[in-house]
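>>> coords please:
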Amino acid sequence: MTGMQAVLLSAIVVFISTSIDDLVLLILFHSQARTRGQRLSILVGQVGGIGILVLISLVGSYLASRMLEGWVIGLLGFIPIVLGIKAMLGRDEEKEELVKAGRKGLLATVTLVTIASGGDNLGVYIPWFATLDQASLGLTMLVFLALILLFWALGYLLANQSHIKTLLSRFSAVLVPVVFLLLGLVILSENGTFAKLASLF
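I've put the predicted structure just below:
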């Protein structure tokens, strides 16, 4: 597997693992939408929300990569590990309340909900972006945009299928914690953090 193929696969895994819960939210938003304009607002809100999270993450990873040694950056791998453990405990009540308020100002609501539910995105994006070069970041942005469109389309198609909605809820409860834990371990390993900590002790 070449470097770019690895980046492509990683970008897909990272996006899906951080956005699988957003797919459930998209299904719920689409179930409330009645017009083409409202559905477009959902898409623009999703792009805007994730775009803001990515921008914050890019700034954070830029500062981290230039101010910290590689093994210190690797310590950020503990963030997705903690998020994975937190996800196992399951705390989605806040998101459900935000979804219920989504009928007025749908675009703003989707954007704000995406940002509000994006703490896990920041915890994963920042340490991962810090390990990528410019070309890899460009490829990652294209993958993210393509997957945003795919998730929006899936949300539209699945909006009226309650059994699939339930399945996704259960699936995300299992997948997200496992992927976060594995991603955190990979970040710790690839930045030499395990080796550095072992040498200290």
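
>>> every contact and neighbour count from this point should use C-alpha atoms.
Fine.

>>> mind naming the longest helix for this structure?
helix 36-67 (DSSP state H).

>>> what's the following helix or strand after the least confident helix or strand in the chain by mean pLDDT?
The helix or strand of the chain with the lowest confidence, counting by mean pLDDT, DSSP states H and E, is helix 93-100 at a mean of 49. Next along the chain after helix 93-100, taking DSSP states H and E as the criterion, comes helix 106-116.

>>> show me what that following helix is packed against.
The contact analysis (3 or more Cα pairs under 8 Å, 6 or more residues apart in numbering; DSSP states H and E) places helix 106-116 against helix 36-67, helix 93-100.

>>> pick out the shakiest of those, pLDDT-wise.
Note on the helices and strands packed on helix 106-116: helix 93-100 shows the lowest mean pLDDT, a mean of 49.

>>> send the alpha carbons of stretch 105-113 over as CSV?
Output in CSV follows, covering the C-alpha atoms of stretch 105-113 (Å, rounded to 0.1, in the frame of the first residue of the first chain):
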residue,chain,number,x,y,z
GLY,A,105,-33.5,28.2,10.9
LEU,A,106,-32.6,24.8,9.7
LEU,A,107,-29.3,25.7,8.2
ALA,A,108,-28.1,27.4,11.4
THR,A,109,-29.4,24.6,13.5
VAL,A,110,-27.6,21.9,11.5
THR,A,111,-24.4,23.9,11.6
LEU,A,112,-24.6,24.4,15.3
VAL,A,113,-25.6,20.8,16.1
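
>>> mind listing the helices for the chain?
3-32, 36-67, 70-74, 78-89, 93-100, 106-116, 119-129, 134-158, 162-190, 193-200.

>>> chain center to the second one: distance?
What it means is helix 36-67. 10 Å (Cα atoms, centre = their mean, to the nearest Å).

>>> what's that helix packed up against?
Against helix 36-67 (3+ Cα pairs under 8 Å, 6+ apart) you get helix 3-32, helix 106-116, helix 119-129, helix 134-158.
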